[in-house]
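# how would this look folded up:
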Amino acid sequence: ALIRAVENFEDYQSFGRQQVVEAELNDKDLLIALTEGGEISSVIGTMKEAADRGSKVYMLYNNPRELLIEKFQRSKDVLTDKRIQTLELTTGPMALTGSTRMQATSIGMLVVGMAMEEACKTLEGKREQKRSWYIDEFTHLLEQLNNDRALQGLAEFVEIESATYSKGNRITYIAEEFLLDIFSDTTERTPTFMIPPFRSVDDVSSPAPWAFAKDPHRVSSEAWLNMLRREPRGLDWDAADYKKMGAQTDIIDNPPKLSRADVYSYGIGKEKDSSRTRPGDLFFKCSIESDSGFLVQVCRADNEDEFVESIKIPFVFVKTRVNLFEHIAIKLILNTISTGAMAHMGRVVGNWMIQVDATNKK
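Presented below is the predicted three-dimensional model:
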């Protein structure tokens, strides 16, 4: 999903099961499944297969339990399965209708991050932190991002981004330490707002993505490893595999090309890309500092020495073992900016996405 969504992938429990099979999960493994709606078939498949194999399984979801049990048999199956521990994180309606990338994934990120922090402390033999401490820090972060100075920075960011796209130009986010956070937001813009998806370096016929993200110091193969801290995992399934899993005809006839080699063909490194350095294209050089917050230097892509503007979204945060609050802050900021830019361009009416391709069960 970091590269592009596979059409209708989430509609098949068999796909999720196969991913668990290939991961070779067993009774020594832990699976944490985040399904914002609580009814995504492929995620349900991963939980069922992992439970069948004896793994410890947790399910985090954001819709009311009673509603899911009433409306969806597939949800009821896992919510009433004694082998699966469930945690309801009901957030209410999304700020942007249907876009679970916002509140739902943010609260999921916070809760799983809290669990990871506590696990680290337990392994170190240190006393666990009170849950209220995390909530207090998260609340403080939200308050800071909602003050006048932060809102001014967000507004400036939205105006520059939307103006760039409106003129037919492109933006490349330049980052290193938090590249994954920025990458996640940029790829999610495609299904949410129906804008061009990422394309491989060999693809010169598809439209170039409006926004992309790159590591300024590494070639792409090294950038992928540094960003993920492991080799990328792709889909190596062929037509026979999809037929065996009961996929629909158009998937069998045209299997998605997302193998590991295909993933590496997406140029997220320092290599030059002429499709992103045209006159009018911009580089957003991003960094985050504990005493300053999120900083962005805006430069002309065809002449990086030509400085356009500096944008600052100030906040302070507490350092943790997994950099929990930095990751959450960047996510909240990028979600706000990308949604704001699309709204500024008329791709949102009220709080409704109006350019969305509703093609799956969800």
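
# all contacts plus neighbour counts: C-alpha atoms, from now on.
OK.

# what residue is smack in the middle of the protein?
residue 184 (3.5 Å; C-alpha atoms, centre = their mean).

# check contacts around it.
By C-alpha atoms under 8 Å, 6 or more residues apart in numbering, residue 184 lies in contact with residue 2.

# rerun at 10 Å
1-3, 101, 213, 331, 334-335 (C-alpha atoms under 10 Å, 6 or more residues apart in numbering).

# what's the answer for residue 303, then?
Applying C-alpha under 10 Å, 6+ apart, the residues contacting residue 303 are 277-279, 281-283.

# nearest spatial neighbour of residue 286, skipping sequence neighbours?
residue 296 (4.6 Å; C-alpha to C-alpha, 6 or more residues apart in numbering).

# quick one: residues contacting that neighbour.
Taking C-alpha under 10 Å, 6+ apart as the test, what residue 296 contacts is 153, 157, 173-175, 283-288, 309-313.

# equivalent analysis for residue 55, please.
25-31, 47-49, 83-84.

# residue 279 now?
Residues near residue 279 by C-alpha under 10 Å, 6+ apart: 169-170, 300-303.

# and the strand ranked longest in the chain, which strands flank it?
Ranked by residue count, the top strand of the chain under DSSP state E comes out as strand 303-313. Sheet pairing of strand 303-313 (DSSP bridges) gives strand 293-300 (antiparallel).

# identify the residues contacting the helix or strand of the chain with the lowest mean pLDDT?
Ranking every helix and strand in the chain by mean pLDDT, DSSP states H and E puts strand 352-353 at the bottom, with a mean of 84. If you take C-alpha under 10 Å, 6+ apart as the criterion, strand 352-353 is touched by 94-99, 192-194, 339, 342-343, 346-347.

# again, 8 Å this time
So strand 352-353 is contacted by 96-98, 192-193, 347 (C-alpha under 8 Å, 6+ apart).

# distance to residue 273, pLDDT and secondary structure added to these, as JSON lines?
Below are the contacts of strand 352-353 laid out as JSON lines (distance: C-alpha to C-alpha, whole Å; pLDDT from 0 to 100; DSSP: H, G, I helix; E, B strand; the rest coil):
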{"residue": "96", "distance to residue 273": "33", "pLDDT": "81", "secondary structure": "coil"}
{"residue": "97", "distance to residue 273": "35", "pLDDT": "80", "secondary structure": "strand"}
{"residue": "98", "distance to residue 273": "34", "pLDDT": "68", "secondary structure": "coil"}
{"residue": "192", "distance to residue 273": "25", "pLDDT": "83", "secondary structure": "helix"}
{"residue": "193", "distance to residue 273": "24", "pLDDT": "87", "secondary structure": "helix"}
{"residue": "347", "distance to residue 273": "28", "pLDDT": "90", "secondary structure": "coil"}
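
# can you list those residues in CSV and add distance to residue 134 and neighbour count?
Below are the contacts of strand 352-353 laid out as CSV (distance: C-alpha to C-alpha, whole Å; neighbours: other C-alpha atoms under 10 Å):
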residue, distance to residue 134, neighbour count
96, 26, 18
97, 27, 14
98, 27, 16
192, 30, 21
193, 32, 20
347, 35, 18
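
# residue 233: which of those residues is nearest?
residue 192 (23.6 Å; C-alpha to C-alpha).

# now that closest one. Nearest residue, chain neighbours left out?
Using C-alpha to C-alpha, 6+ apart, the closest residue to residue 192 is residue 356 (6.0 Å).

# how near is the one you found to residue 205?
Remark: distance between residue 356 and residue 205 (C-alpha to C-alpha, to the nearest Å) = 23 Å.

# who has more neighbours out of these two?
residue 356 (15 against 7; other C-alpha atoms under 10 Å).

# ok, that one - contacts?
191-194.

# assign a three-state SS to it, would you?
Three-state assignment for residue 356 (DSSP: H, G, I helix; E, B strand; the rest coil): coil.

# quick check, pLDDT for it.
Listed pLDDT for residue 356 reads 72.
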